[in-house]
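> let's see this in three dimensions:
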Amino acid sequence: MKRKMILDVDTGVDDALAIAYAVASEEIDLLGITVSYGMAPVHYTYRNTTEILRLLRRPVPVLRGSSQPLERAKEYGGEFHGTDGLGETLGEAANDPGVPDRAVDFIIEQSRKHKRDLTIVTTGPLTNLARAIREDPSIVGTIGQVVAMGGAVTCPGNATPFAEANVHIDPEAADAVFRSGLPITMVGLDVTRRTLLTEREVVEWERTGTEAGVLFARFARFYLYEYRKYYPYLEGCALHDPLAVGVAKNPAFVRSLPMFLRVDLEEPGLGRTTEDLHRRAPTGPNVQVCVQVEASLFRDDFIDQVGRILAERGD
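Below you'll find the predicted structure:
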């Protein structure tokens, strides 16, 4: 039986890789992709998502969502992704005010319809999901699983020394989701930094000669270049968002531990995800935190699935 999934994204480079991985995986029934601001403004991330699906020739519904955090001013985390979110490969995006904000309604509708069979994978800020919970708290008791790429417990952050970017952009949303009672698995920097895409894979995509393969190679190479500037000791770039999809499809890719997790909402640790050692949560641990990853096992599957779909040629 295929795993019914909503992918909630802020499409930058690794989100695009996660989308390709999800649509290529036969184990996944991708019901739709909800989009928010994050790596770029929402009209860019929405455009990026629709363009990725066009390249991959997969007719998946795309629902535009949040344009700003729940309470804070907007910030964009695009240093590694370019101003357009995809390594300056697509350029300016028109902000069409006629595109409705349907992401929250879609999450609620699909949660009611599929109940425990539904998995939501988030690869950007948790704003869309937090808004859905605010609008209909009953979905907390119906959703089967949430796999959230974000946070860092045992390692430094990547937005600040304390905080990972997806949580830091909207810490109130992350806090609301973590405290909601949803069954959450957190795929944080603790494990994603151990999964790397290298120049070798990018060259193979480029050699396919397909429109998708060539474009994916272009923006992945931009991402690799940015990683070399900041992390010259690494031999690639982290597969943050694809690992979240991987964990949803095959939990054996990681080992996780139950934790009482909280999000700092004030400086200096704004956005930090830390274990509450006082264990004040009345219902027990609230998040499964991934602490180990079978990096080779995951990478082999990711490279196989994405390489195959990028090599596909149209009729």
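
> residues contacting residue 306?
When contacts are counted by C-beta atoms under 8 Å, 6 or more residues apart in numbering, residue 306 touches 17, 20, 21, 24, 205, 216, 242. All C-beta spots, glycine's among them, are computed from the backbone N, C-alpha and C.

> in strands, which of the residues you listed fall?
Using DSSP state E, no member of the contacts of residue 306 sits in strands.

> I'd like the residues you listed as CSV, with pLDDT and distance to residue 32 appended.
Formatted as CSV, the contacts of residue 306 follow (pLDDT from 0 to 100; distance: C-beta to C-beta, whole Å):
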residue, pLDDT, distance to residue 32
17, 98, 19
20, 99, 16
21, 99, 16
24, 98, 17
205, 98, 26
216, 97, 22
242, 99, 19
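
> what's the closest of these to residue 192?
residue 242 (8.8 Å; C-beta to C-beta).

> am I right that the closest one is in contact with residue 19?
No: contact between residue 242 and residue 19 fails when scored by C-beta atoms under 8 Å: they sit 9.2 Å apart.

> most neighbours, which of the contacts of residue 306?
Ranked by the number of neighbours (other C-beta atoms under 10 Å), the contacts of residue 306 place residue 242 first, at 31 neighbours.

> and the gap between it and residue 172?
27 Å (C-beta to C-beta, to the nearest Å).

> same question, residue 87
Taking C-beta to C-beta, one finds residue 87 at 30 Å from residue 172.

> these two: which is more packed in?
Between residue 87 and residue 172, residue 87 has the larger neighbour count (other C-beta under 10 Å), namely 23 against 16.

> could I get the contacts of residue 306 in TSV, plus columns for distance to residue 43?
Converted to TSV, these look like this (distance: C-beta to C-beta, whole Å):
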residue	distance to residue 43
17	21
20	22
21	25
24	27
205	27
216	22
242	24
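
> and those, which of them are in helices?
17, 20, 21, 24, 205, 216, 242 (DSSP state H).

> now, which of these sits nearest residue 176?
For those, the nearest to residue 176 is residue 242 (25.7 Å; C-beta to C-beta).
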